[in-house]
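Asker: based on what follows, work out the 3D shape:
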Amino acid sequence: MKAACLAVLFVLLCGGLFVLTTTPASRLDAPPGQSFAAPGTNSTWWVGASSTDSSALPNAGVKSVIQVFSTHVTGCLSFWVSDDTGDNNWGQVGYYICNGSTPEAFYQVWNLNTKSVLTGGIAPISTGAHTFAMYLQSGTTWAYAMDGSVMGTYNMGSSTSSSSYPVYALSEEDASGVFAFPSVTFNTAMQVLRSGTWSAVQTAQSYGTAWGITGNAQGSGLSKDQIEIGSSLTVLAQGTLLWGFSSSTTTIGTVFNVSCVKASVVAGTASTCRATIYGTGSAPSGSVVWSSSKPGRFSSVSCQLVDGACSVMFTPATSSSPVTITAYYHGDKLILPTSASFVLIVTRAPTRTAILCTNPTFAIGSSTTCTAIVSGSATLRTGTITWTKVSGSGKITFSKSSCALTAGKCSVIVKGTVKGNVTIEATYSGDSNNLPSSKEVVRMVS
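Answerer: Residues are numbered from 1 along each chain as shown. Sure, this is the predicted structure:
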């Protein structure tokens, strides 16, 4: 991304005038997105498809066929396609629903250097499938159109798009919080204009995790270059492949492999995991995004390939096993996006129980407080401690036979009744993430 942009608000007034103000910083590092809500506490979220595939960039236009629907919205909901020119001007075209249920078509042009809106416009629109496009008209002037009818034009300063800034097909919410909406289909998520011909973008990845999205790669029955976005759909990890197919100019690395140094670890213990691409004929470039099927912590959620490989450390939070570690490679100019997984076995963590008593010797009729402390590698230890006298000529009583751990420890009061040595044992029960353990200590009743 060229910038983590502030969303700039333009409020549509009578006569189509634009009043510009600023909203709070967005939740995602995304291009600027249109929003039409009143300024104040609103935030912005995006979910959709992005592509930097060599079949997508550079281009002289982008278009999308999006289902337009009507639903009541508090805040703003929009669906659009966008492109960026080499002059760093960025445009978007699509439709929105704002504080009501009536959809409106719109286009808008931004300058990413100044983070300012340059121009925009709206048009009435009916429900059903509509084609939204922005494309080079002549010279460096681009047109913004709905179903072939131009809504407006703007001199973008370049006759071609950027060769690196992504093409997007996104849904967007601008509201005080994320809200639910019915699924919307992008019948054709993104096509680009190259050498005077509209052609399909060969690969695209998911963008955003605020709500769900599905594509051809998810086995959804959708065709390539078709996506469905909505609150009821599965949330995909950032950068998940939505669709992809090869061409004469794109090859796939021979092997994309993921392995972890420790195939089996205890909860709370880290293992180094490495992603490697073999046999590509040249050093792959780009990034790898990591995800896990169970709770845990990565040292970094992404890493940059160096000589075709990169590594992160993963620490499972619980002993829930197995954990599938997935690495997703975004691809580069020669290699298609791909993913691979490794199954990590996680076991309960070993523990150590210690006993601390306030007095090593205590008289008949008097008492001492004994505290059991359980330590280990897992982040949290729960469960109970059972107290027993296991040997010795002396006799004692416990204020209670067991106690529940709080912050890894618990205490009882031990009272002497008969003189002599006593061996006190504290036994930790263990829990779902920690193994049992025990400790003995000798004390004297005098």
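Asker: any idea how far the closest residue to V418 other than its chain neighbours is from T358?
Answerer: Spatial nearest neighbour of V418, chain neighbours left out: K395 (3.6 Å); criterion: CB to CB, 6 or more residues apart in numbering. C-beta here means a position set from N, CA and C on the backbone, and glycine is covered the same way. Using CB to CB, to the nearest Å, one gets 19 Å for the distance from K395 to T358.
Asker: over to A123?
Answerer: For A123 relative to T358 (CB to CB), the value is 81 Å.
Asker: more crowded one of those two?
Answerer: Shown here are A123 and T358; by other CB atoms under 10 Å, A123 has more neighbours (17 against 13).
Asker: pLDDT score assigned to that one?
Answerer: Predicted confidence (pLDDT) at A123: the value is 95.
Asker: mind checking how far the residue lying closest to it once chain neighbours are set aside is from S391?
Answerer: Excluding its sequence neighbours, the residue lying closest to A123 (CB to CB, 6+ apart) is A105, at 4.4 Å. A105 sits 85 Å away from S391, going by CB to CB.
Asker: same thing with I229?
Answerer: As judged by CB to CB, I229 and S391 stand 68 Å apart.
Asker: with G383 instead?
Answerer: 25 Å.
Asker: look at those two and report which has more neighbours.
Answerer: More neighbours surround G383 than the other of G383 and S391, with 18 against 12 (other CB under 10 Å).
Asker: just the pLDDT for that one.
Answerer: For G383, the model assigns a pLDDT of 93.
Asker: from T347, how far out is it?
Answerer: 17 Å.
Asker: helix or strand with the lowest mean pLDDT in the chain?
Answerer: Every helix and strand of the chain was ranked by mean pLDDT, DSSP states H and E. The lowest is strand 18-25, at a mean of 28.
Asker: what residues does stretch 261-274 touch?
Answerer: For stretch 261-274, contacts defined as CB atoms under 8 Å, 6 or more residues apart in numbering pick out 258-260, 290, 299, 309-319, 325, 327, 342, 344-350, 376-379, 433-434.
Asker: using PDB, write out every CA atom in that stretch.
Answerer: Output of stretch 261-274 as PDB, limited to C-alpha atoms (Å, rounded to 0.1, in the frame of the first residue of the first chain):
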ATOM      1  CA  VAL A 261      11.400 -27.400  13.500                       C
ATOM      2  CA  LYS A 262       9.500 -29.000  16.400                       C
ATOM      3  CA  ALA A 263       6.700 -31.300  15.000                       C
ATOM      4  CA  SER A 264       5.300 -31.600  18.600                       C
ATOM      5  CA  VAL A 265       5.400 -28.900  21.200                       C
ATOM      6  CA  VAL A 266       3.900 -28.300  24.600                       C
ATOM      7  CA  ALA A 267       1.400 -25.500  25.100                       C
ATOM      8  CA  GLY A 268       3.100 -22.200  25.600                       C
ATOM      9  CA  THR A 269       6.300 -23.300  23.900                       C
ATOM     10  CA  ALA A 270       7.400 -21.800  20.500                       C
ATOM     11  CA  SER A 271       8.300 -23.700  17.300                       C
ATOM     12  CA  THR A 272      10.000 -22.100  14.300                       C
ATOM     13  CA  CYS A 273       8.100 -22.600  11.100                       C
ATOM     14  CA  ARG A 274       9.600 -22.100   7.700                       C
END
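Asker: distance between that stretch and the chain's centre?
Answerer: 22 Å (CA atoms, centre = their mean, to the nearest Å).
Asker: one more: stretch 93-102?
Answerer: Taking the mean of its C-alpha atoms, stretch 93-102 sits 27 Å from the chain's own mean (CA atoms, centre = their mean).
Asker: over to stretch 180-197?
Answerer: Computed by CA atoms, centre = their mean, the chain-centroid distance of stretch 180-197 equals 23 Å.
Asker: and for stretch 297-313?
Answerer: Counting by CA atoms, centre = their mean, stretch 297-313 is centred 16 Å from the centre of its parent chain.
Asker: can you check stretch 258-276 too?
Answerer: Between the centre of stretch 258-276 and the centre of its chain there are 21 Å (CA atoms, centre = their mean).
Asker: what about that stretch, average pLDDT?
Answerer: Mean pLDDT, computed over stretch 258-276, is 89.
Asker: and if you look at stretch 83-96?
Answerer: pLDDT averaged over stretch 83-96 gives 90.
Asker: just the CA atoms of that stretch, as CSV, please.
Answerer: What follows is stretch 83-96, C-alpha atoms only, in CSV (Å, rounded to 0.1, in the frame of the first residue of the first chain):
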residue,chain,number,x,y,z
ASP,A,83,-7.7,1.6,-10.0
ASP,A,84,-4.6,3.8,-9.5
THR,A,85,-2.7,5.6,-12.2
GLY,A,86,1.0,6.1,-12.4
ASP,A,87,0.5,9.8,-11.5
ASN,A,88,-0.8,8.5,-8.1
ASN,A,89,-4.4,9.5,-8.8
TRP,A,90,-6.8,6.8,-7.6
GLY,A,91,-10.4,6.3,-8.8
GLN,A,92,-13.4,4.2,-7.7
VAL,A,93,-16.8,3.6,-9.2
GLY,A,94,-19.8,1.6,-7.8
TYR,A,95,-22.8,2.2,-5.6
TYR,A,96,-23.7,3.0,-2.0
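Asker: so that it lines up with my notes, have the first residue be 55 from now on.
Answerer: From this message on, residue numbering opens at 55, which makes the last subject stretch 137-150.
Asker: any idea how far it is from the middle of the chain?
Answerer: Distance, centroid of stretch 137-150 to centroid of chain: 25 Å (CA atoms, centre = their mean).
Asker: also stretch 448-457?
Answerer: 51 Å.
Asker: domains of the protein?
Answerer: The record's domain parsing of the chain by automatic domain parsing lists 60-298, 309-401, 405-499.
Asker: quick one: contacts for the residue nearest to K469 when sequence neighbours are not counted?
Answerer: Once flanking residues are discounted, K469 sits nearest to S421: 4.3 Å by CB to CB, 6+ apart. Neighbouring residues of S421 by CB under 8 Å, 6+ apart: I467, V468, K469, G470.
Asker: quick one, which of these are buried?
Answerer: Among the contacts of S421, those scoring as buried are V468, K469, G470 (criterion: 16 or more other CB atoms under 10 Å).
Asker: can you give me the strands in the stretch 355-500 of the chain?
Answerer: Here the stretch 355-500 of the chain has its strands, by DSSP state E, counting those that start in this stretch, at 356-358, 363-370, 377-383, 392-401, 405-411, 415-416, 421-430, 438-445, 449-452, 456-458, 463-472, 474-482, 491-499.
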